[in-house]
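J.: Please work out how this folds:
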Amino acid sequence: MRVRGFGALHHRTVIDWSVRFRTRHNQKTEIHKFLEGWCARFMMGCSKTFETAEGARYCRSAELLHWYLIDLEIVRMLGILHRPRKEWPNGDGTSGVYIRFREIEKCVIAVSPEITQLKKTFATQLPLSI
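T.: Have a look, this model is predicted:
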């Protein structure tokens, strides 16, 4: 499972799947392990934040704003991880890639109710078809 902080995400990626692509020491990452056939399911989520006088703070109580469960067998069958993608540096020597939710929607086997609302709120995600 990967949980992203809502405040760290740009609105266009709030329901996109983020996958670790590179480490500082060239170790295998999520994407490499998925390509090798490791793991049958992957859960992606976004943590809640709360407002204080100083601004938004991450909720440390493990509450999720939303989540979805991906069937990695379908992801592999459709070749989604083999498609060229822009690599995004994380500022710590690691990097990741973002896969649009609409690209993996047919691979999603369960979602939290909030995903439907987020798809409406972040209309840049639509249309949701491959």
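J.: Just the element for Asn46, please.
T.: Quick fix: residue 46 is Cys, not Asn. strand 41-47 (DSSP states H and E).
J.: Distance check, the residue nearest to Lys28 when sequence neighbours are not counted against Thr29.
T.: Nearest residue to Lys28, sequence neighbours excluded (C-beta to C-beta, 6 or more residues apart in numbering): Glu36, at 8.0 Å. All C-beta atoms are positioned from the backbone trio N, CA, C, and that covers glycine. The gap separating Glu36 from Thr29 is 11 Å, by C-beta to C-beta, to the nearest Å.
J.: Gly37 now?
T.: 15 Å.
J.: ok so, going back, and the strand holding Cys46, what does it pack onto?
T.: When contacts are defined as 3 or more C-beta pairs under 8 Å, 6 or more residues apart in numbering; DSSP states H and E, strand 41-47 packs onto strand 2-5, strand 17-22, strand 64-71.
J.: Okay, buried residues for the longest one please.
T.: Right, the one you point to is strand 64-71. Buried residues in strand 64-71, counted by 16 or more other C-beta atoms under 10 Å: 64-71.
J.: Neighbouring strands - and their directions - for that strand?
T.: strand 41-47 (antiparallel), strand 108-111 (antiparallel) (DSSP bridges).
J.: Give me the more crowded residue out of Gly37 and Thr29.
T.: Thr29 (17 against 10; other C-beta atoms under 10 Å).
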